[in-house]
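Enquirer: dropping the sequence and predicted coords here.
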Amino acid sequence: MRIYDVTVEYQRNPLGLDVRVPRFSWKLESKEKGDFQKAYQIQISRLENFQVCDCWDTGKVISGDSVQVEYAGEPLEKFTLYYIRVKVWDEKGQESEWSDTAQFETAMLSCEDWSADWITPDYDYTAPKTACPVLRKEFETDRKVKRARVYVTAKGLYELRLNGKKVGSDFLTPGWTAYNKRTMYQTYDVTDMIAEGGNAIGATIGSGWYKGELGWRSRRNLYGGREALILELHLTYEDGGKDIIVTDDTWQSTYRGPVVYSEIYHGETYDSRREIDFDKYGCSFRHWFGVRVMGAVTKENLIAQECPPVREKLVIKPVKLIITPRGEQVLDMGQEMTGHVRFHVKGNRGDRVILCHGEILDREGNFYTENLKGAKQRIEYILKDEAEAVFQPHFTYQGFRYVKIEAYPGEIHCDDFEGAVLYSDLKQTGFFETTNNDLRQLTQNIFWGQRGNFVDIPTDCPQRCERLGWTGDIQIFAGTAALNMEIPLFLRKWLHDLKAEQFESGGVPWVVPDIYDDTYAYDLAGYTGQSEKTAAAWGDASTICPWSLYMAYGDKRILEEQFESMCKYVEFIRKQGPQEYTWEGGHQLGDWVALDAPYGSFVGATDVDYVATAFYAKSAEILSKAAKIIGKWEEHLRYKELHEKIVEAFQQLYVEEDGSLKVKTQTALILAAEFELVPEHLAKKYSAQLAQSLKETNYDLITGFVGTPYICHVLSRYGHGDAAYKLLFKREYPSWMYQVTQGATTVWEHLDGIRPDGTLWNPRMNSFNHYAYGSVAEWIFREIAGLQICENEPGYKRFLIRPCVGEQLEDARFTYESMYGTIVSGWEKMADGIKYEITVPVNTTAEVYVQGNKILQNGRAIHDEEGIHIIEKDDKGCLMELAGGTYEFIAG
C-alpha cells in the first residue's frame, strides 16, 4: 500500500495552527483488491530528516484508523514547525514505505502569546468621511532572514502589503465572525518578501462587516465605530537571531488613500490619483498622521484562522455585450456569479469607469436591479494618467450575471473585462455526470449556488441588502453541501459562531452572526417587537448541522464542541410551553415560501406548530444519538426518553384515530414520514398519499424550505421512486427544471421568481441565487447515483450503494472524494441490461445492491471472489459486500 494526502485538521501543511491536540488523516492506494490497513505508525519531529523523533512516535499501533487520529505526544509549542510522516501495515503484515513528509506550524496558542497591541488611526477631519484608512511602518534588517511570519487581523476588512506586494492571496480577511466574541487572525509566510536593508509594511482597512452597513435597514457600526489593526511580524535570521515588529505607537496612518468609499452591499470607489507608495521604504508622502494604541481592547477573543479563506477560485469572461432597449451597455457573464469584475482601462487623468451589477434582465430585456433592496453594487474607478490600468475592488463583492457599464473611456471590448469568482477556498469533492442536459444543468446550478453563497459564512444570497448567515438555509442544505465540497472547517467555524451568538435562553438567532440585538426588531413575516427570535427548522441548525458533519466525516469532535449548544437549544424548546412535549407559538417561519401559502404570506399552509413540534422531535433524537456517541450516557437516556414523549405527544395532537393526519398538506405528510413520527405502516401510507397528491396536481412542486429537502427521499424510501423521478424531471412551472428551461444558472429563492408570463415575484425578496431549493441534489446523489451513508460507521468507512434507476434517465455517475479516497457509483443503460461501475477506497467497505435476475462480472455470473462477498441473492437482485477496488457489473 502507498500512503498519500496526509492532512492535519483536514488541511494540507497548515500554517498558523492553534489546535493543541491536532488530528491526522491519510489515504491509501493499493494494486490489490480488498486491502485493509492493519496497523499504523506516526512520527512527528521538529527535524525534517527525523534523525531524532523528538515529539511523538506512536510505534506500531494495531488499528485500522486512518482518519482523525489524535496527537498524543509532548505538548505543542507556539510558533513551531513540525514534520509528520506515516507508515502502515496491511492485513498480511506487509509494511509500507514512509509517506511523503508533511508539516504543520503552530501560531499563538494563547491570547497571552500576543506582544502587539491594537492600534487605530488618528482621525483626519479633512479627509472624506467614507475613506478607508492606511496604516504603515518602516523597519530595517541587517542580516539575512531565514524565516518570516506575519500574524495579523483587523477591525474591518484589511489588505496587507509588504515591500510593494500584496501579502497572501486571500480576500475579505479576516472574514466574518461574532467579532466581539471571536475574531480570527491570519498567518502568512513572508520570508521571500523581506529585503535586506529597508522594508515597509502596511495595510488598508475597509469598513466590511465590522462597521459597514448591514441588514435590511442598513445599520452601521454594529461591532464598533473605528477601524483597527493588530500585527506581529516575526523574523528569524540565518545566525539564529530574532526580531519582532509589532503594531504600536510608532506606526503612521492616513485617511487620504485611494479607497475613498467601500461597502459590502454598495460597492467601492477608488481614486487612483490618491495612490500612495505606503508599502515601499522611503515613501515620500507627507500627510501622515499618528496612531492611537487601544490598550484597553482585549486580545482574549483572538483565534487563529479556523476555515479556508476567501480566494479567487476561477475566472470567467463575458459571453457578449448587450445593448438593451433603453440603450444600456451591459456585459453578460453567461453565469450568475459572486465576486467582482476585473478590468483593463486606458484613458486620461480624471476619466471614470462605473459598473453596476444585477442578476437578470427584465421581461423587456433591460438591466434590472429592483430586487437588490437598495444594494447599489456599484464600482467606480478614477484614472490617474494615460497609462493602461488594471483594477479590481478590495473590500466588497457582488452577486451578478449582468454588468451595466455606465461610464468607460473609449470603446468597450469584452476582452477587457473578466469575472473573478470569489468564495471560500473549499475543495470540490462531488462530481455528478449524466448525458441528460436538464439534470446536468440543475446540478451545476446547485453547485454554483453553493459557490456564490459560501463566502466565509453560509449566506442566503450574495446580492441584495442581506447576505446573512440564515440558519434555516444551511440547515436544509448541509447534506448537499458536504457532498459538493469539503466543508468541515467552513461549517465548524460557523457553528462556533452560532454557539457564541446563542441567546442565554438557549434560543438560536435567525441569522449567524446575529446582527439583530434585543433593541432591534425583525420585520420579516409580520413579526415585530424587541424579543429574541428563534424559529423551528432555523434554530435546529444547532443540532442538524453538527450531525450532518458527523455523518459526512465521522468527526466526533464537532459533536463534543457543540454538545452544550445542542442541549441548550432543546431545553429552550422544552420551556416554550404550554406543554413540555410540543412546541406551540413563538416566532415561527413555517414552510417558508411554499406555493400553498395564503395570499400575501411567505409562510406556507402547513400549521407552524406542527412544523415546530416535528423539528423538536428531530433535534431531541439527534441529541440523544450524539450523547451516546461521545459517551454521555445519562444525557443519552434522558433525551431518548424526551424524544419518545415528543413523538407520543405529536401523535396524540396531530394523528386521527384512522391514522390520517389532521394537517392536510404535502409538507405535513413529508415531515411525519421523514422524521419517523409515526409507525412505519403510517409512514408508508403517507408516502403513498404524497405520491397520489403529486399525481393529482400534475407533479407541481409547491412545498417550501421545510418540506422540499425531504420530499423525494420520502417518496423513494417507501417505494415511490417513480413519483420522485416525475417530480424532479417536470419541466413546466412550478418545478426545479422550470428554472433550467428559463436559462437559470443558479437556483432561485422562489419557484415563481420569474413566472411563465415573464412577470417577476415581489422585488422585496426575489433572489436568483439562493441554494435552499438546491437541497434536492442530496437526493440525486444518494438515490439516483445511490451513494448512501451508513449511520453506524459514518464518514464513509462503510457505506451503501443502492442506485435508483428511472425511466427518464439513461445514465448517472457520481464521484466523491471521501476522507478515505475516491468513491464512484455509476450506472448506464445498455442494450443487454444496466452497467454498474463502482469504486471502493482502500480500507473501506461498501454494501452494494444491484437489481436484476442475471448479474455478470467479467462475462460470468457473479460469485464470491477477491473483494466480493455475496450477502443475499435472488431473482430480483444481489446484495453484496465489496472491499477496496474497482468493479463493473452488467445486470439484466
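Expert: In hand now; what should we look at? Residues are numbered from 1 along each chain as shown.

Enquirer: now the terminal residues of stretch 724-744, how far apart.
Expert: 22 Å (C-alpha to C-alpha, to the nearest Å).

Enquirer: how about the helices in the stretch 101-250 of the chain?
Expert: 208-211 (DSSP state H, counting those that start in this stretch).

Enquirer: brain fart, the stretch 351-500 of the chain
Expert: Going by DSSP H, counting those that start in this stretch, the stretch 351-500 of the chain shows helices at 437-453, 471-484, 488-501.

Enquirer: counting neighbours, which bits of the longest one end up buried?
Expert: Just to be clear, that refers to helix 437-453. Buried residues in helix 437-453, counted by 16 or more other C-beta atoms under 10 Å: 438-439, 441-443, 445-453. Any C-beta I mention is one placed from the backbone N, CA and C, and that applies to glycine too.

Enquirer: which other residues reach stretch 139-146?
Expert: Applying C-beta atoms under 8 Å, 6 or more residues apart in numbering, the external contacts of stretch 139-146 come out as 191, 194-201, 233, 235-239, 241, 243, 245.

Enquirer: now those: which count as buried?
Expert: Among those, those buried by neighbour count (16+ other C-beta under 10 Å) are Ile194, Asn199, Ala200, Ile201, Leu233, Leu235, Thr236, Tyr237, Ile245.

Enquirer: and the helix or strand bottoming out on mean pLDDT in the chain, what does it pack against?
Expert: When the helices and strands of the chain are scored by mean pLDDT, DSSP states H and E, strand 860-861 comes last with a mean of 85. Packing partners of strand 860-861 (3 or more C-beta pairs under 8 Å, 6 or more residues apart in numbering; DSSP states H and E): none among the helices and strands.

Enquirer: which residues does it contact?
Expert: Under C-beta under 8 Å, 6+ apart, the answer for strand 860-861 is Lys854, Ile855.

Enquirer: try 10 Å
Expert: Lys854, Ile855, Lys873, Cys878 (C-beta atoms under 10 Å, 6 or more residues apart in numbering).

Enquirer: who does it pair up with?
Expert: Strand pairing for strand 860-861, determined by DSSP bridges: strand 855-857 (antiparallel).

Enquirer: that older thread, can you flag which of the contacts of stretch 139-146 belong to strands?
Expert: Taking DSSP state E, the ones among the contacts of stretch 139-146 that sit in strands are Gly197, Gly198, Asn199, Ala200, Ile201, Leu233, Leu235, Thr236, Tyr237, Asp243, Ile245.

Enquirer: in CSV: those residues, plus distance to Glu634.
Expert: Below are those laid out as CSV (distance: C-beta to C-beta, whole Å):
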residue, distance to Glu634
Gly197, 65
Gly198, 64
Asn199, 59
Ala200, 60
Ile201, 54
Leu233, 50
Leu235, 53
Thr236, 50
Tyr237, 56
Asp243, 54
Ile245, 52
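
Enquirer: quick check, nearest of these to Asn766?
Expert: Ile201 (45.0 Å; C-beta to C-beta).

Enquirer: OK, contacts around the closest one?
Expert: Ile201 neighbours (C-beta under 10 Å, 6+ apart): 135-139, 150, 152, 160-163, 167, 190, 193-194, 231, 233, 245, 251, 278-279, 281.

Enquirer: please repeat the previous calculation with a cut-off of 7 Å.
Expert: With contact set as C-beta atoms under 7 Å, 6 or more residues apart in numbering, Ile201 has these partners: Arg136, Lys137, Leu162, Leu233.

Enquirer: leaving out sequence neighbours, find the closest residue to Asp362.
Expert: Tyr368 (4.4 Å; C-beta to C-beta, 6 or more residues apart in numbering).

Enquirer: so for Pro598, what's the pLDDT?
Expert: Here the pLDDT value assigned to Pro598 is 88.

Enquirer: what distance do you get for the nearest residue to it once chain neighbours are set aside to Val593?
Expert: Closest residue to Pro598 apart from its sequence neighbours, by C-beta to C-beta, 6+ apart: Ala605 at 6.9 Å. Note on Ala605: its distance to Val593, by C-beta to C-beta, to the nearest Å, is 12 Å.

Enquirer: quick check: Tyr849 touching Leu882?
Expert: No. Using C-beta atoms under 7 Å as the test, Tyr849 is too far from Leu882 to be in contact (11.1 Å).
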